[in-house]
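Q: Predicted model and sequence follow; I will ask about them next.
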Protein chains: 2
Amino acid sequence: MNYVEVCFSPADYPLYRENFELVVVIDVLRATSAICTALENGVDRIKPVASVTEAQQWQAEGFIGAAERNGEIVEGFDLGNSPLAYIERADELKGKTVVLTTTNGTKAIDIASEKNRVVIGSLNNLNAICNWLVEQDENILILGSGWKDKFNLEDTICAGAIADQLIESGRFKADEDSTVAAKFIYRSARDNMFAFLRASSHRRRLRRLNLNEDVKYCLTPNNLSTIPILEDGFLVRLEETGSKNSVEKESALRSENEA
Amino acid sequence: MNYVEVCFSPADYPLYRENFELVVVIDVLRATSAICTALENGVDRIKPVASVTEAQQWQAEGFIGAAERNGEIVEGFDLGNSPLAYIERADELKGKTVVLTTTNGTKAIDIASEKNRVVIGSLNNLNAICNWLVEQDENILILGSGWKDKFNLEDTICAGAIADQLIESGRFKADEDSTVAAKFIYRSARDNMFAFLRASSHRRRLRRLNLNEDVKYCLTPNNLSTIPILEDGFLVRLEETGSKNSVEKESALRSENEA
């Protein structure tokens, strides 16, 4: 039987990384929710980068720039990590490539990119990603993005939800206390996540920025079916036939678009 | 109002250490439970050291040596971190100084020793330490020892129990998600900790070593009233009149003993 384990934050990643070649990155508020939403709503590819400088460089080369720090859009960009913005501007963004940098999420993706496969999880695509993960015959590490390397509640709840489904399938087991705790916190929170997260530090941070609509959206399970996967430095839609085929299809599609 | 926050493990300590000069170190299974038990049962002082080599050096100078790695007593020592051993051998250890090194707990004490005051918490002395902490007018950091730098359940439950009592007193508040999570896990676990910890990785580790009696003891709340405090590199009993007086009393007592 394979293992599914939860790592709370990028700072803990070196303690957990061994024996995993498939990593699920979570940043519920809001980077991975935004990535899933953008790809489901027509964005072609997302280039996740760790720094604002890198985002500026790719923006200068023609990509749509998106940058967030501390909950706010960075000066010089007109997109950040609000999933609702990717829905509102879907027509304009359709078929485009977006370069994205965020406080926590893109850093976690960067750290995990050393592994064979990196996929993107959120509450929005919860069942879709669980259904796919359960078919993968290998150990799975779920990496929360945390807040500036610290543990956070919303990523832990989402990680616990994924671990719970995989363990319940009977095909995975968990050995780490972090996984037991995440699963337990999820089970207690699932019936009323919005109330449960009242005390969350990051939700309080976003409330100050009037982002309650975004928070409600990010805490809505299963309104999306897209599974983003990292291929050659770009996040693209994973097709159900598997990641390799997906890449071929993506490039075929891109050639068509460019033609 | 002052803050009380929970840090899950020594690896996370650099992220949380700022703004605290009073740290409570927790290693429920079993270092801090053993330290509280030893001092309550007559051991005079405990010298916590990070390495086995240091423990050997102090042992050579006449201290009673105690060393544990991976749940077992280290070769060349006849004491480890079993609290029950300190009760069974109370007559022999009375008035003595013990040098102690353990896998996780003494490492956490070592890291926290940069701060003004370091006290030792366990479930055994839960109410005693909470009653004392609630009177301290300063920010309090509760540091779990974890398992080899990873999060563990039993330290988090104990840390959550302390945070819960301090917040309920109305004199402390919490801002970190780790504190919210620890408090929540404690509240769910408190009525049946032994069952709750069935899934804990460290308890499984100890079960393999036939240490169930030790585990039951360590999960027994409030059977001790001693609060160990670090003074000049030694853990001694904190007297109720405060740590400064305690040191004077301790040295007075020691002079008497030596006379």
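A: Noted; the coordinates are in hand.

Q: residue ranges with poor pLDDT in the stretch 101-250 of chain A?
A: A:240-250 (pLDDT under 70).

Q: try 90 this time
A: A:188-212, A:239-250 (pLDDT under 90).

Q: Up against chain B, what does it have?
A: For the stretch 101-250 of chain A, the contact set with chain B under Cβ under 8 Å from any Cβ of the partner chain comprises A:147-153, A:156, A:175-178, A:180-181, A:184-185, A:188, A:199-202. All C-beta spots, glycine's among them, are computed from the backbone N, C-alpha and C.

Q: Surely residue A:59 is within a strand?
A: No. Per DSSP: H, G, I helix; E, B strand; the rest coil, residue A:59 lies outside any strand segment and is helix.

Q: Show me the strands in the stretch 51-200 of chain A, by range?
A: Under the criterion DSSP state E, counting those that start in this stretch, the stretch 51-200 of chain A contains strands at A:64-69, A:72-73, A:97-101, A:117-121, A:140-144, A:172-173.

Q: Compare the ones you listed and report which one is nearest to residue B:4.
A: When the strands of the stretch 51-200 of chain A are compared by Cβ to Cβ, strand A:140-144 sits nearest residue B:4, at 23.3 Å.

Q: Check which helices and strands that closest one sits against.
A: Strand A:140-144 is packed against strand A:2-7, helix A:13-16, strand A:22-26, helix A:105-112, helix A:153-168, with contacts defined by 3 or more Cβ pairs under 8 Å, 6 or more residues apart in numbering or on different chains; DSSP states H and E.

Q: Just put the ones you listed in JSON lines and tack on distance to residue B:4 and mean neighbour count.
A: Below are the helices and strands packed on strand A:140-144 laid out as JSON lines (distance: least, Cβ to Cβ, whole Å; neighbours: other Cβ atoms under 10 Å in any protein chain shown):
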{"stretch": "strand A:2-7", "distance to residue B:4": "25", "mean neighbour count": "24"}
{"stretch": "helix A:13-16", "distance to residue B:4": "26", "mean neighbour count": "17"}
{"stretch": "strand A:22-26", "distance to residue B:4": "28", "mean neighbour count": "27"}
{"stretch": "helix A:105-112", "distance to residue B:4": "28", "mean neighbour count": "26"}
{"stretch": "helix A:153-168", "distance to residue B:4": "17", "mean neighbour count": "26"}
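
Q: mind giving me CSV with the ones you listed and columns for distance to residue A:137?
A: Compiled in CSV, the helices and strands packed on strand A:140-144 are given as follows (distance: least, Cβ to Cβ, whole Å):
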stretch, distance to residue A:137
strand A:2-7, 7
helix A:13-16, 20
strand A:22-26, 10
helix A:105-112, 20
helix A:153-168, 12
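
Q: so residue A:98 makes contact with residue A:80?
A: No. In this structure, residue A:98 is not within contact of residue A:80 by Cβ atoms under 8 Å, at 11.1 Å.

Q: okay, and the common contacts of the two?
A: residue A:66 (Cβ atoms under 8 Å, 6 or more residues apart in numbering or on different chains).

Q: Neighbour count: those two, which is higher?
A: residue A:98 (26 against 21; other Cβ atoms under 10 Å in any protein chain shown).

Q: Surely residue A:223 and residue A:124 touch.
A: Yes. Shown here, residue A:223 and residue A:124 form a contact pair, counting by Cβ under 8 Å, at 5.5 Å.

Q: if you count what's nearby, which of these two comes out ahead?
A: residue A:124 (27 against 14).

Q: Please list all residues in contact with that one.
A: A:33, A:36-37, A:83, A:217-218, A:220-224.

Q: what would the residues you listed look like in a markdown table with secondary structure?
A: As requested, the contacts of residue A:124 are arranged in a markdown table below (three-state DSSP):
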| residue | secondary structure |
| --- | --- |
| A:33 | helix |
| A:36 | helix |
| A:37 | helix |
| A:83 | helix |
| A:217 | helix |
| A:218 | helix |
| A:220 | coil |
| A:221 | coil |
| A:222 | coil |
| A:223 | coil |
| A:224 | coil |
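
Q: distance of the most centrally placed residue in chain A from residue A:100?
A: Taking Cα atoms, centre = their mean, the centroid of chain A lies closest to residue A:32, which sits 2.8 Å from it. Residue A:32 is 11 Å from residue A:100, where distance means Cβ to Cβ, to the nearest Å.
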